[in-house]
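> predicted model, plus sequence, below.
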Amino acid sequence: MIATAARSPLPPLAGRVAIVTGSTSGIGLGIARALAEAGADIVINGLGDADAIAAVRSELAAYGGTIAWNGANLLDPQGAVALVTETIGVFGRVDILVNNAGIQHVSPIETFSAERWDAIIALNLSAAFHTIRTAFAAMKEQGFGRIINVASAHALVASPFKSAYVAAKHGVLGLTKTVALEGAEQGVTCNAICPGYVWTPLVENQIADTARARGIDREAVIRDVLLAAQPNKRFATVEEIGALALFLCGPGGASITGAALPVDGGWTAH
């Protein structure tokens, strides 16, 4: 008998090219990290100074893939289009598109500024439309595409004082379902991940501010304010969101499309 050395299997996303918007920190970075670890080449996009972005690229490149950064301003429709066309120009393809970038503003509707409304709709909803529209034909032609829209529990339920955000996220879910139907026969899936509160630096900063504003301690802020609607009383982690995104991009996610997938500790089970 001739002994042969065992061959290491290729990472599951080897050869795939992914765009992840809003991926220099938080949920987007968690997703980019999961996809990079699985072997994908990644185009990250988001805010940050040059040193911080270089550090993210270096971290992700350690998994062995090619990591690029595109600083497109997704508030501008042409920026969203350019993000996709430039990725295809450099890599020759785009297999995975994760629309994660978003902003929030909290205000009663009677004092909610029109400028804030327009910006939230532009980034949270319209940017996803423009990136999907630009990538879709190429995905259908190659017979493979994975589109993931990071929505929110607010794609499924509402909260007061978040009119623009809730409207945008409900719109993202409708967009997700429509795109799923249009790509179903060509191997292109489209799903929405709907997180509740996720542990990120942004949330950490909110805790101290909220504690001071309400005159309560850190634990009370977490339990009675931030996680009041989440029955499991814990934050999801960016690693959990990344793991779900990775599953949707792999073989196991091939028949999951048009779905709203809550990662909210039971929030929307009420």
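Structure received.
> domains in this protein, as residue ranges please.
Structurally, the chain divides into domains by automatic domain parsing as follows: 17-197+237-263, 199-234.
> first to last residue in the last one, what's the distance?
Terminal residues of domain 199-234 lie 9 Å apart, using Cα to Cα, to the nearest Å.
> got the buried residues for that domain?
199-200, 207, 210-211, 221-222, 226-227, 229-230 (16 or more other Cβ atoms under 10 Å). All C-beta atoms are positioned from the backbone trio N, CA, C, and that covers glycine.
> avg pLDDT for it?
Taken as a whole, domain 199-234 carries a mean pLDDT of 88.
> for stretch 72-92, same thing?
Averaging pLDDT along stretch 72-92 yields 98.
> surely residue 201 and residue 27 touch.
No. Using Cβ atoms under 8 Å, residue 201 makes no contact with residue 27, being 11.1 Å away.
> okay, and which of the buried residues of domain 199-234 map to strands?
residue 199 (DSSP state E).
> residues near the nearest residue to residue 120 once chain neighbours are set aside, how many?
With Cβ to Cβ, 6 or more residues apart in numbering as the criterion, residue 120 has its nearest non-adjacent residue at 3.9 Å, and that residue is residue 164. Neighbour count for residue 164, taken as other Cβ atoms under 10 Å: 24.
> how distant is the helix or strand harbouring residue 164 from the center of its chain?
Assigned by DSSP states H and E, residue 164 belongs to helix 163-183. How far helix 163-183 lies from its chain's middle: 14 Å, per Cα atoms, centre = their mean, to the nearest Å.
> before we move on, what about stretch 183-197?
Taking mean C-alpha positions (Cα atoms, centre = their mean), stretch 183-197 and its chain are 11 Å apart.
> what do you get for stretch 127-145?
From the chain centre to the centre of stretch 127-145 is a distance of 16 Å (Cα atoms, centre = their mean).
> just the CA atoms of the helix or strand of the chain with the lowest mean pLDDT, as CSV, please.
Using mean pLDDT, DSSP states H and E, the weakest-scoring helix or strand in the chain turns out to be helix 201-214, at a mean of 82. Extracted C-alpha coordinates of helix 201-214, given in CSV (Å, rounded to 0.1, in the frame of the first residue of the first chain):
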residue,chain,number,x,y,z
PRO,A,201,-18.1,49.7,20.4
LEU,A,202,-21.0,52.0,19.5
VAL,A,203,-23.3,50.2,21.9
GLU,A,204,-20.6,50.3,24.6
ASN,A,205,-20.4,54.0,24.3
GLN,A,206,-24.1,54.4,24.6
ILE,A,207,-24.2,52.6,27.9
ALA,A,208,-22.2,55.2,29.8
ASP,A,209,-24.1,58.1,28.2
THR,A,210,-27.4,56.5,29.0
ALA,A,211,-26.4,55.7,32.6
ARG,A,212,-25.5,59.4,33.2
ALA,A,213,-28.6,60.7,31.5
ARG,A,214,-31.0,58.5,33.4
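> picking that back up, next secondary structure after the helix holding residue 164?
Next in sequence after helix 163-183, counting helices and strands by DSSP H and E, comes strand 188-195.
> how far off helix 163-183 does that next one point, in degrees?
On the basis of axes from the mean of the first three to the mean of the last three Cα atoms, to 10 degrees, strand 188-195 is oriented at 150 degrees to helix 163-183.
> strand 188-195: partners in the sheet, and parallel or antiparallel?
Its sheet considered, strand 188-195 pairs with strand 145-150 (parallel), strand 260-263 (parallel) by DSSP bridges.
> which elements pack onto the helix holding residue 164?
helix 114-121, helix 127-142, strand 145-150, strand 188-195 (3 or more Cβ pairs under 8 Å, 6 or more residues apart in numbering; DSSP states H and E).
> which outside residues touch that helix?
Helix 163-183 is contacted by residues 99, 102, 104-105, 109, 112, 116-117, 120-121, 124-125, 128-129, 132, 136, 139-140, 145, 147, 149, 151-152, 154-156, 158-159, 188-192, 194, 257-260 when judged by Cβ atoms under 8 Å, 6 or more residues apart in numbering.
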